[in-house]
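Visitor: What shape does this take:
(chains A and B)
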Number of protein chains: 2
Amino acid sequence: MSSEFDTDTTVERIGDNRWWAQITPRWNIGEVPNGGYLLATAGRVLAETLPQPDPLSVTAHYIRRAEAGPTEFEFQAMREGRNVSTGMVTMHQDGQEVARILGAYTDLADRQGKTIMQNGPPELPPLEECVTGQMPIEISKRFAFHFTQDSIQGFLGKPGDKAEIEGYVGFTDGREPDSLALLLIADACPPPIFNRVGIVGWVPTIELTVHVRARPAPGLLKCRFATRYLTDGLMEEDGEIWDSEDKLVALSRQMATLRLPKT
Amino acid sequence: MSSEFDTDTTVERIGDNRWWAQITPRWNIGEVPNGGYLLATAGRVLAETLPQPDPLSVTAHYIRRAEAGPTEFEFQAMREGRNVSTGMVTMHQDGQEVARILGAYTDLADRQGKTIMQNGPPELPPLEECVTGQMPIEISKRFAFHFTQDSIQGFLGKPGDKAEIEGYVGFTDGREPDSLALLLIADACPPPIFNRVGIVGWVPTIELTVHVRARPAPGLLKCRFATRYLTDGLMEEDGEIWDSEDKLVALSRQMATLRLPKT
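Guide: Okay, the predicted model is just below:
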């Protein structure tokens, strides 16, 4: 049986460099599909078309509000290389472009080179001491999030002094993580700014970039998401994703805006 | 008299959505133009064509080795919005694409919203206690870099335990920084990994993203560039740029590879 992630990112070739997918509402935040889900679906088009299988550095610009429904993708090859290949995917709904994705792909099984680590993975308490997060939004049902106690205080009405969230994450249906799934997981955590200011508004993403470093080992991932600088309503969300063997598997950064309700 | 930066990023419209520039060797590292210089030149095409003047989030994928010489740019509008507009620029040399840039632009003079800072600017010693860096490469002549003592030990053959570089930076000819120049400055610092391992090889950039938060005030900028994770030869370079009034003006991140000479 196919996992929710595999089913919902299925893409179908409908022509030369043209692909189609049904974006489902299962990864919605309110009425809007999660940006990481859109990125992973576009990333699958790139994986199907470029010679190498793994995303290495992938950037999405979200230019119009997407919704669940039929979606067309147009692929354009930029360069096919022996080690790294690069392509672009545009996503259209109802004839309008909703997002554009640039991606460099590689074969992460082949990587060789020097390793020097300045930091380690987040130091998480045992799973049973974490809080299993469920928010009243659709995407929250797809993930098993196990947050540290400190990470959820802002969501309980007790904002702290750090816009940071740490915890374990995996798919609810037990689907193991792979390099493609990291594109979604990098955007799946609730905005860390809410842990600093409370759930105060809406956080639309302008641009999301994910760097994938390695294929994750099976098991729950360890994540750290943080916003250090909110300036004039603009902020970064930086993510680190480590696998169950404490290997760094992805870094992510997005630029988002904090939109407060009009008073 | 026009500054070096303004002269060397001059772009000329040669047709509908087509632009031309002479990429000069003045920003070269060895035989190769600096990636931030290419980004700033493409960024100028976006500034000339999109309705808003300031880069907000701009990403470049470098797909072939560029060189100094005549360069063509093709612009494609993705969305024109009231607050944010997005476009794409492809750069060609000798008929081959060398880089592709996606950029969201805005008017940074108009920004309003909440500000919360988790960290401050790098704590730098007075200018006279810094080391004025000059490397035997062309781009080094264009910038006045004033590094902290700790930042240059790796370049003097005494690598330390941190892949980090901090210091003041400005254009040598006194040209004041603006939002466009930040795209270049975000890539102008020597690779911080050299401060950890020595000058050991070549560090080609795969992808560079710059988030601009504000227009900088006149005066020297304060910068912090760091690599925390080198894994299998892949690394991030994270940059923070603060202006002379201690305002955060840009964050940058690139994915680069550390290529060691064959032994």
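Visitor: Now for the residue nearest to A:Arg64 when sequence neighbours are not counted: which residues touch it?
Guide: Leaving aside its sequence neighbours, A:Arg64 sits nearest to A:Val98 (CB to CB, 6 or more residues apart in numbering or on different chains; 4.7 Å). Any C-beta I mention is one placed from the backbone N, CA and C, and that applies to glycine too. Contacts for A:Val98 (CB atoms under 8 Å, 6 or more residues apart in numbering or on different chains) come out as A:38, A:62-66, A:71, A:91-92.
Visitor: at 7 Å what do you get?
Guide: A:Val98 makes contact with A:63-64, A:66, A:91-92, according to CB atoms under 7 Å, 6 or more residues apart in numbering or on different chains.
Visitor: so when I look at it, I'm seeing a strand, right?
Guide: Yes. Counting by DSSP: H, G, I helix; E, B strand; the rest coil, A:Val98 falls inside a strand.
Visitor: And for A:Gly66, nearest residue in space, chain neighbours not counted?
Guide: Actually, residue A:66 is Ala rather than Gly. Closest residue to A:Ala66 apart from its sequence neighbours, by CB to CB, 6+ apart: A:Val98 at 4.3 Å.
Visitor: In strands, which of the contacts of A:Val98 fall?
Guide: Per DSSP state E, strands hold the following members of these: A:91-92.
Visitor: Just the buried ones from the contacts of A:Val98, in ChimeraX syntax?
Guide: Only the buried entries of these go into this ChimeraX selection, using 16 or more other CB atoms under 10 Å in any protein chain shown:
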select /A:63,64,66,91,92
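Visitor: List just the nearest of the contacts of A:Val98 to B:Cys223.
Guide: For the contacts of A:Val98, the minimum distance to B:Cys223 (CB to CB) is 30.6 Å, reached by A:Ile63.
Visitor: Could you list everything the closest residue in space to that closest one that isn't next to it in sequence pairs with in the sheet?
Guide: Setting aside the residues directly before and after it, A:Ile63 is nearest to B:Arg79 in space (CB to CB, 6+ apart), at 4.3 Å. On the basis of DSSP bridges, B:Arg79 is bridged to B:Thr86.
Visitor: who's in contact with B:Arg79?
Guide: Residues in contact with B:Arg79 (CB under 7 Å, 6+ apart) are A:63-64, B:85-86.
Visitor: Report all helices and strands that the helix or strand bottoming out on mean pLDDT in chain A contacts.
Guide: Lowest on mean pLDDT, DSSP states H and E among the helices and strands of chain A sits strand A:131-133, with a mean of 85. Secondary-structure packing of strand A:131-133 (3 or more CB pairs under 7 Å, 6 or more residues apart in numbering or on different chains; DSSP states H and E): strand A:143-147.
Visitor: For the strand it packs on, which helices and strands make contact with it?
Guide: If contacts are counted by 3+ CB pairs under 7 Å, 6+ apart, strand A:143-147 sits against strand A:131-133, strand A:164-171.
Visitor: how about a markdown table for the contacts of A:Val98, with distance to B:Leu251 and pLDDT added?
Guide: Below are those laid out as a markdown table (distance: CB to CB, whole Å; pLDDT from 0 to 100):
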| residue | distance to B:Leu251 | pLDDT |
| --- | --- | --- |
| A:Ile63 | 21 | 97 |
| A:Arg64 | 25 | 97 |
| A:Ala66 | 26 | 97 |
| A:Met91 | 26 | 98 |
| A:His92 | 30 | 98 |
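Visitor: right, and out of the contacts of A:Val98, which lies closest to A:Glu207?
Guide: Nearest to A:Glu207 out of the contacts of A:Val98 is A:Ile63 (CB to CB; 9.9 Å).
Visitor: And the lengthiest helix in chain A, what's buried?
Guide: Taking DSSP state H as the criterion, chain A has its longest helix at helix A:35-49. Going by neighbour count (16+ other CB under 10 Å), the buried part of helix A:35-49 is A:35-47, A:49.
Visitor: Ok, stretch A:186-206 next?
Guide: By 16+ other CB under 10 Å, the buried positions in stretch A:186-206 come out as A:186-197, A:199-201, A:203, A:205-206.
Visitor: which among those are in contact with chain B?
Guide: A:196, A:206 (CB under 7 Å from any CB of the partner chain).
Visitor: just to revisit the earlier point, in CSV: the contacts of B:Arg79, plus distance to A:Lys162.
Guide: Shown next, in CSV, are these (distance: CB to CB, whole Å):
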residue, distance to A:Lys162
A:Ile63, 32
A:Arg64, 33
B:Ser85, 34
B:Thr86, 32
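Visitor: Name the pair among those residues with the greatest separation in space.
Guide: Of all pairs drawn from the contacts of B:Arg79, the greatest distance, 12.2 Å, lies between A:Arg64 and B:Ser85 (CB to CB).
Visitor: Using CSV, list the CA coordinates for the longest helix of chain A.
Guide: Provided in CSV are the C-alpha atoms of helix A:35-49 (Å, rounded to 0.1, in the frame of the first residue of the first chain):
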residue,chain,number,x,y,z
GLY,A,35,4.5,25.0,0.8
GLY,A,36,6.8,22.1,1.5
TYR,A,37,4.2,19.7,0.0
LEU,A,38,4.2,21.8,-3.2
LEU,A,39,8.0,21.8,-3.2
ALA,A,40,8.2,18.0,-2.7
THR,A,41,5.7,17.4,-5.6
ALA,A,42,7.7,19.7,-7.9
GLY,A,43,10.8,18.0,-6.5
ARG,A,44,9.4,14.7,-7.7
VAL,A,45,9.0,16.0,-11.2
LEU,A,46,12.7,17.0,-11.0
ALA,A,47,13.6,13.5,-9.7
GLU,A,48,11.7,11.9,-12.6
THR,A,49,13.4,14.0,-15.2
